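Q: mind folding the following:
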Amino acid sequence: MTSPLAARIDEPLSLPSPAPPPRPARWPLFAALVPVVGGVAMWFVTGSLLSLCFAALGPLMAVAAAVDARRSSRRERRRADAAYAEACARIEREIEQRHDRERVELNRRLVDLGALLADERAVWRASSDELVVGRGEASSRVRVSGGEGERADALRRRAGVLPDAPISIAPGEGVCVRGAPVVAQAVARALALQVCLRVAPEALGVAAAPPGEEWMDALPHRQTSAPRRLALSGEGPPPDADIVIAVRAPDAAPPEACGAVLDVGEGLQGRLIRGTHEEDVALEAVSRAQAQAVAEGLAGRGAERGGRGGPDAALTLGELEPVASGDRAGLPAVVGRADGEPAVIDIVADGPHAVVVGTTGAGKSELLVTWVASLARTYTADRVVFLLADFKGGTAFDALSELPHVTGVITDLDGAASRRAVESLRAEVRRREARLAACGARDVGAPGVELPRLVIVVDEFAAMLQEHPDLHAVFADVAARGRALGMHLILGTQRSTGVLRDALVANCPLRIALRVAEPSESRGVIGVDLAATLPGGADGRGLAYIRRAADAAPRLTRIALTTPRELAPIGAEGAPRAQGPWLPPLPSELPLAAVRGREPDASAVVLGIADDPERQRQPVVTLRPGVERGLVVVGGSGSGTSNVVRLVRAQRPDAIVVPRDAEGAWDAVECAEHAVDGLLLVDDLDALLARFPHDYAHAIAERIENVVRDAGERRMTVVATTARVTGAVARIIDLLPRRALLALASRADHAAAGGDATTFDPRRPPGRGVLDGQEVQFALAPGAVRGEAEPATPVAWRPGAPVTALVVKAARRRCAALADGWGDGVRILALDELPPGSSLESLAGADAPVVVAGEPESWQRQWALLQEARGGHPLVVGAECATELRALTGERELPPFARTRASRAWLCADGLPPRRIVLP
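A: Presented below is the predicted three-dimensional model:
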């Protein structure tokens, strides 16, 4: 991954082009000639000699203009040259700054002998893949683009070369130092010391010292059996080694084991030769006395690290014999080797809890896997079981998941499941307390207590707390009470500072530190800086310092690697799988019949089951009509909101269901306004309000709100669903005491709907949500149940009064349709064709009802007839005339909603409010 610093170094510097040479000033010929011609013409006309003076001004002004143009051109050129020089100087300064940063970056990666001696933290931690042979010019990543000319070329050349940079080779390449014996030996000595300062003794051994280099016998690398070897050779053939540093006379042929040659000149200036490539380098040199002092310092450092200078070479768990299972009082397990002996730790006797700290690549996950595998191969599942939590990608414990001891593996890939599992630990604490109380025992190790110890292993504890910060209290509770209950924590983290609180750390006396980044981190875990000195890369992977509460000092241990071959026999033993400390997760589908019988109250409406991991129970969730005001269910498309309405209706067929049809919805809400001891079901409340025009949407929202407000007094219960919580919908559902949140599109939508952002889960199955603070799975309604009643077939209205006034648009066409629908039993007259002075009363006939039809404008012109109709005759107004209804009827209230262009109309008769009718 490229760091921001490297990205900036690589970014090209853009150099402007130099200013072009100025164009030569052009002689203003016309400007000079025109005044001359004009002056001569004026003299010819006026005869005045002054006119000839005017003619002379032209050439003078032309000369002045030419001189001024030349001066301006020179001034612009000087300004452009100064700007270009400033740009070049700025680029030059930027090159120097970037070179400095690049040099710092290289010095951090390619540490030479001087830097290793100056910084103890780098000793045995630097990369073993590089050997710095000196300092010289290296190719730079700084680039300059643009610009022309010699100065630009010089800047480009300067940018491409990084002076005073560390020059390195691969150690395995081998290097031959040629020169005067004293100087060449001092340079070779410095190179050998650099390798020993880079690589820890457990990863590198040193061959026998050549004559005159007895200081090498003091190195801790001389006492190890590491797989890699370093050899410092004199004039003879070098011994067989992985890293060879040979000394030869000037111009002598280098050994075959040396691919690089350093020719040492005067003043420690040398020339590095690699094949056909040669470059000058400044070298480092060390005297024998200086080398002896450094070697003795490394020997003391090796003694601090433990015994023989380091643990044994890498090994697998299969190479270690398991410990005897012993009694139930402890759980000793072998995890590696220290000083040639098996390293055994006991989470019970040395714990009851442990902290494992190590930076990325140090082998923390491998240690946890080995510890669990060692326990599993030593003890059966009735002695110890495991709960594994992996919060760094979900794959660290894959190899352990099939062990019969493993009750479950939780990962950060399923946030809801991981949270549920950890919260279940509270219930497990209470269960174990009750079990011990029933047995009259103080801890699980007492006779008669048949409880396996539960070891909870967390990889990346900090990541888990970052995702679920409130779970720290759960682990603190387990840490405080876990010893007697047989619950043990093994918490792995990259850093303990700022992650593990004091109360938790105080209960974790077993401390294990792999390689860490800072000495303070090492001191915080094992009390000393040693974990910060462990080598990086493959050399230090799997090295750990283990410190128990009774230890005077931590012990360096090589952790064994566990392979699938060691795990296969454990998983194949055929033992029954241990039960997890939690109930099974909620089902993704829950038929109503499967849960209905669990509720003894027949009057209650069963909604589903809730998940209560803290109490290890999954109770039935109900709604009590007539007792509770109601419930709102918020969820996105496909979340199962409509199923909740069908579920309630399946158990209460007498419920008032608000249909999706706007007219039916209006009527249903109107019915609910007068209902008592009823149940109102509203599906997709937000979509329902959107189907109405603005005035009607406001009116029906107000009506539903009134129903909810008065629900307590009239023993009504309202169940509503919605996808959005805005405007009128928000006002209505805020009055409902219970709210279920099903799957929503985003965390923001979940929070806007009133949910806790930490409970958001985009992968919830249909019907899964949060209700009353608990995860709930709503039951599935029977397939035959509809969310709304079948819409009734409307019956066409037929006039019965002697005379009826009809207001419609497109009256002529509508009259023809009405005549076809009503037949000969109704006589239809056109308002515009009535003779002047006619009255509705005079039009009444004895044989058939009369309908006088006209458009709104016609009726308003025939004001007397309209007043007569309003006073004593039925008045029918088509739904398409809604805007004229108030003027035509005098009604101030909204009539029932009626669809336009659907043969709908309002009937006003007998002084009653308008009612909706259907015309033929």
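Q: only C-alpha atoms from now on, for both contacts and neighbour counts.
A: OK.
Q: and Thr793, which of the three is it?
A: Secondary structure for Thr793, judged by DSSP: H, G, I helix; E, B strand; the rest coil, is coil.
Q: how close does it get to Ile456?
A: Thr793 sits 65 Å away from Ile456, going by C-alpha to C-alpha, to the nearest Å.
Q: so between the two, which is more surrounded?
A: Ile456 (20 against 6; other C-alpha atoms under 10 Å).
Q: which helices and strands does the host helix or strand of the more buried one pack with?
A: In the assignment (DSSP states H and E), Ile456 maps to strand 453-459. Judged by 3 or more C-alpha pairs under 8 Å, 6 or more residues apart in numbering; DSSP states H and E, the packing partners of strand 453-459 are helix 364-378, strand 384-390, strand 487-493.
Q: rank the ones you listed by pLDDT, which is bottom?
A: Least confident of these, judged by mean pLDDT, is strand 384-390 with a mean of 89.
Q: next helix or strand past it?
A: Counting by DSSP H and E, what follows strand 384-390 is strand 406-411.
Q: what's the mean pLDDT across that following strand?
A: 83.
Q: quick one: that strand to strand 384-390, angle?
A: Orientation check (axes from the mean of the first three to the mean of the last three C-alpha atoms, to 10 degrees): strand 406-411 against strand 384-390 gives 10 degrees.
Q: for the following helix or strand past strand 406-411, list every residue counted as buried.
A: Later in the chain than strand 406-411, the nearest helix or strand by DSSP H and E is helix 415-439. Under the neighbour-count criterion of 16 or more other C-alpha atoms under 10 Å, helix 415-439 has 415-416, 418-429, 431-433, 435-436, 439 buried.
Q: so what secondary structure elements neighbour helix 415-439?
A: If contacts are counted by 3+ C-alpha pairs under 8 Å, 6+ apart, helix 415-439 sits against strand 406-411, helix 472-485.
Q: bridging residues for the residue nearest to Val803 when sequence neighbours are not counted?
A: Distance criterion C-alpha to C-alpha, 6 or more residues apart in numbering; nearest residue to Val803, sequence neighbours excluded, is Val850 at 4.8 Å. Counting by DSSP bridges, Val850 forms beta bridges with Val803, Arg827.
Q: for Val406, same thing?
A: Bridge pairing for Val406 - DSSP bridges - gives Phe386.
Q: wouldn't it be in contact with Val384 here?
A: No: using C-alpha atoms under 8 Å, Val406 makes no contact with Val384, being 9.2 Å away.
Q: what separates the residue nearest to Val803 from Ala62, distance-wise?
A: Taken as C-alpha to C-alpha, the span from Val850 to Ala62 is 106 Å.
Q: those two: which has the busier surroundings?
A: More neighbours surround Val850 than the other of Val850 and Ala62, with 23 against 18 (other C-alpha under 10 Å).
Q: identify the residues contacting that one.
A: 801-804, 826-829, 843-844 (C-alpha atoms under 8 Å, 6 or more residues apart in numbering).
Q: how about 10 Å then?
A: Contact analysis of Val850 by C-alpha atoms under 10 Å, 6 or more residues apart in numbering lists 799-805, 825-829, 840, 843-844.
Q: now Pro584
A: By C-alpha under 10 Å, 6+ apart, Pro584 lies in contact with 611, 613, 616, 618.
Q: equivalent analysis for Leu504, please.
A: 353, 355, 472-473, 475-480.
Q: for it, give its distance to Ala476.
A: Distance from Leu504 to Ala476, by C-alpha to C-alpha: 5 Å.
Q: give the next helix or strand downstream of the strand or helix carrying Thr721.
A: According to DSSP H and E, Thr721 maps onto strand 717-722. Next helix or strand after strand 717-722 toward the C-terminus (DSSP H and E): helix 727-733.
Q: please identify the buried residues of that next one?
A: Going by 16+ other C-alpha under 10 Å, helix 727-733 has these buried residues: 728-729, 732-733.
Q: centre of the chain versus the helix or strand where Ala343 lies, how much separation?
A: Per DSSP H and E: Ala343 is located in strand 341-346. In terms of C-alpha atoms, centre = their mean, to the nearest Å, the centre of strand 341-346 is found 40 Å from the chain centre.
Q: who touches that strand?
A: So strand 341-346 is in contact with 311-312, 320-323, 330-338, 351-354, 371, 375, 510, 546-548, 555-560, going by C-alpha under 10 Å, 6+ apart.
Q: pull out the buried residues from those residues.
A: For the contacts of strand 341-346, buried by 16+ other C-alpha under 10 Å: 311-312, 320, 322-323, 330-338, 351-354, 371, 375, 510, 546-548, 555-560.
Q: in strands, which of those residues appear?
A: Mapping the buried ones among the contacts of strand 341-346 onto strands (DSSP state E) picks out 332-338, 354, 510, 546-547, 555-559.
Q: from those residues, pick the one nearest Ala757.
A: Distance to Ala757 across those (C-alpha to C-alpha) is lowest for Ala354, with 32.0 Å.
Q: report pLDDT for the closest one.
A: pLDDT recorded at Ala354 is 94.
Q: just Ala846 next, same as before
A: 67.
Q: quick check, nearest of the buried residues of helix 727-733 to Ala218?
A: Taking those together and measuring to Ala218 by C-alpha to C-alpha, the closest member is Ile733, at 81.2 Å.
Q: surely the closest one meets Gly630?
A: Yes: at 9.3 Å, Ile733 counts as touching Gly630 under the criterion of C-alpha atoms under 10 Å.
Q: and the chain, what are its domains?
A: Annotated domains of the chain cover 4-108, 113-129+170-305, 317-571, 592-778, 803-918 [automatic domain parsing].
Q: let's have the ones you listed in a markdown table, adding distance to Leu583.
A: Formatted as a markdown table, the domains of the chain follow (distance: least, C-alpha to C-alpha, whole Å):
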| stretch | distance to Leu583 |
| --- | --- |
| domain 4-108 | 48 |
| domain 113-129+170-305 | 47 |
| domain 317-571 | 8 |
| domain 592-778 | 6 |
| domain 803-918 | 52 |
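Q: figure out which of those is closest to Gly146.
A: domain 4-108 (4.9 Å).
Q: where do the helices of the stretch 651-800 of the chain begin and end?
A: Secondary structure of the stretch 651-800 of the chain by DSSP state H, counting those that start in this stretch: the helices cover 662-672, 685-690, 694-709, 727-733, 747-752.
Q: next: the stretch 801-920 of the chain.
A: With DSSP H, counting those that start in this stretch as the criterion, the stretch 801-920 of the chain has helices spanning 811-822, 856-861, 863-872, 885-889.
Q: Pro762: which of those is closest?
A: helix 885-889 (49.1 Å).
Q: tell me how far the closest one is from the chain's mean position?
A: Worked out by C-alpha atoms, centre = their mean, helix 885-889 lies 60 Å from the chain centre.
Q: give the pairing partners of the strand holding Ile456; include direction for each.
A: strand 384-390 (parallel), strand 487-493 (parallel).
Q: any chance of these in a markdown table, plus mean neighbour count and distance to Ala905?
A: Below are the strands paired with strand 453-459 laid out as a markdown table (neighbours: other C-alpha atoms under 10 Å; distance: least, C-alpha to C-alpha, whole Å):
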| stretch | mean neighbour count | distance to Ala905 |
| --- | --- | --- |
| strand 384-390 | 25 | 67 |
| strand 487-493 | 25 | 74 |
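Q: could I get the ones you listed as a markdown table with distance to Glu460?
A: Shown next, in a markdown table, are the strands paired with strand 453-459 (distance: least, C-alpha to C-alpha, whole Å):
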| stretch | distance to Glu460 |
| --- | --- |
| strand 384-390 | 7 |
| strand 487-493 | 5 |
